[in-house]
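From the sequence below, what's the structure:
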Amino acid sequence: MIELDLSADIQALRTTFANIREVVDVDALRADVDRLEQEAADPELWNDQANAQKVTSALSHAKAQLAKVTRIESRLDDLEVMVELANEMEDADAAEEARTELAALEKAIGELEVQTLLDGEYDDRSAVVTIRSGAGGDDATDFAEMLMRMYLRWAERRGYPVKVMDTSYAEGAGIKSATFEVDAPYAYGTLSVEAGTHRLARISPFGSADKRQTSFAAVEVIPVMEEAQEVDIPEGDIRVDVFRSSGPGGQSVNTTDSAVRITHLPTGIVVSMQNEKSQIQNRAAAMRVLQTRLLLLQKEEEAAKKKELAGTITASWGDQMRSYFLYGQQLVKDLRTGYEVGNPATVFDGDLDGFINAGIRWRKRKTDD
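Coordinates of the predicted model:
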């Protein structure tokens, strides 16, 4: 005879879920869906393509969020029925199925709970991610390309559209830098915990002495800003260089000098774009990213000044935030949260949710302290 008792676990999940529902505000979410559906049904909507895309994207996200909440609520009810049936029939297979569903619900509710922590000013925006190789020669440029693939695979797993905006290939292996946009709601809030210095330790495939090599790459994450007018950039403050786009080994990608590099002279910030077909489009995209970086720089300077006045200057949490060990003990470890995975291959294949969720929770605790 079996006696499956998951009542305490289910009640704990219901308590957590009730808190999530309150934060999400399901009634307001339903109202948003109704309002956006009315806007989307307006035949005049597509006269303004940019606004139409904004409305349809918001509607898709609101519907998905509402469906996720209602689906979890339904699964919680179903789980209680599964437990009752397993006990009535004394069915070991049914009991195991109920335990499996409990674990799946714990994961789903945990992920939804993490999303409610994304309440920063720009957390709901799409994200622009830039990866730059650091010290370590060919190993560093190869590592930068490994990180780029890791994030692209993460986005692919979630069904997030990605647009590679610029790639600078190294003369040897890998890339010097790359910039890409992840176009999804809350992509910035989610990926921003990945910003910082990443460190790789492994036996170098590029050396002949079989010695351990340590290399570094930097990850920068900024939100996509819609209001281009938020930062005024005088023409005299920028230098615009036009060049021909190129791929690995210098192969020509197109036959016109359409790629654009903008240098902001007062700060030294450089932004390159070569994804678009025309020089005008590349310049517009580069200016948007530059404006965002300048806006964030202003906010960082303001925050640093406030901390200085308060006497609470602390080191940046993002520096050397994660280590990847590919020799001896195979391990990926986050130095901020302590979260670790003993299978680096799955991490480099885009299995990042554990690290990201732990990072979001860690950041929230630091913010609340």
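
List the buried residues in the host helix or strand of Ala201.
Element membership of Ala201, judged by DSSP states H and E, is strand 196-203. Going by neighbour count (16 or more other Cβ atoms under 10 Å), the buried part of strand 196-203 is Gly196, Thr197, His198, Arg199, Leu200, Ala201, Arg202. All C-beta spots, glycine's among them, are computed from the backbone N, C-alpha and C.

Name every strand pairing with that strand and say which way it goes.
Strand partners for strand 196-203, identified by DSSP bridges, are recorded as strand 212-223 (antiparallel), strand 322-325 (parallel).

Let me see the contact set for the closest residue to Ala217 other than its chain neighbours.
Leaving aside its chain neighbours, Ala217 sits nearest to Ala144 (4.4 Å; criterion: Cβ to Cβ, 6 or more residues apart in numbering). Residues in contact with Ala144, defined by Cβ atoms under 8 Å, 6 or more residues apart in numbering, are Ile131, Arg132, Ser133, Gly174, Ile175, Lys176, Ser177, Ala178, Ala217.

try it again with 7 Å
Ile131, Arg132, Ser133, Gly174, Ile175, Ala217 (Cβ atoms under 7 Å, 6 or more residues apart in numbering).

Is the fifth one bridged to anything, and to what?
Ile175 forms beta bridges with Tyr169, as assigned by DSSP bridges.

Does it touch Tyr169 like I think?
Yes - using Cβ atoms under 7 Å, Ile175 is in contact with Tyr169, at 5.5 Å.

In terms of neighbours, single out the busier of those two.
Ile175 (23 against 19; other Cβ atoms under 10 Å).

hang on, the earlier thing: export the buried residues of strand 196-203 as JSON lines, with columns for distance to Arg157 and pLDDT.
Supplementary listing: those in JSON lines, determined by distance: Cβ to Cβ, whole Å; pLDDT from 0 to 100:
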{"residue": "Gly196", "distance to Arg157": "22", "pLDDT": "89"}
{"residue": "Thr197", "distance to Arg157": "25", "pLDDT": "91"}
{"residue": "His198", "distance to Arg157": "19", "pLDDT": "94"}
{"residue": "Arg199", "distance to Arg157": "24", "pLDDT": "92"}
{"residue": "Leu200", "distance to Arg157": "22", "pLDDT": "93"}
{"residue": "Ala201", "distance to Arg157": "26", "pLDDT": "91"}
{"residue": "Arg202", "distance to Arg157": "24", "pLDDT": "90"}
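
okay if I get those as TSV plus distance to Thr15?
TSV is the format used below for these (distance: Cβ to Cβ, whole Å):
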residue	distance to Thr15
Gly196	34
Thr197	39
His198	37
Arg199	39
Leu200	41
Ala201	42
Arg202	44
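
Just name the shakiest helix or strand of this structure by mean pLDDT.
helix 279-310 (a mean of 74; mean pLDDT, DSSP states H and E).

list the buried ones in that helix?
279, 282-283, 285-296.

Let me know the closest of those residues to Val23.
Minimum distance to Val23 across the buried residues of helix 279-310 is 26.2 Å, recorded for Leu296 (Cβ to Cβ).

In contact with the closest residue to that closest one other than its chain neighbours, which residues are there?
In space, and not counting its chain neighbours, Leu296 is closest to Ile222: 5.9 Å by Cβ to Cβ, 6+ apart. Applying Cβ under 7 Å, 6+ apart, we find Ile222 in contact with Val128, Thr292, Arg293, Leu296.
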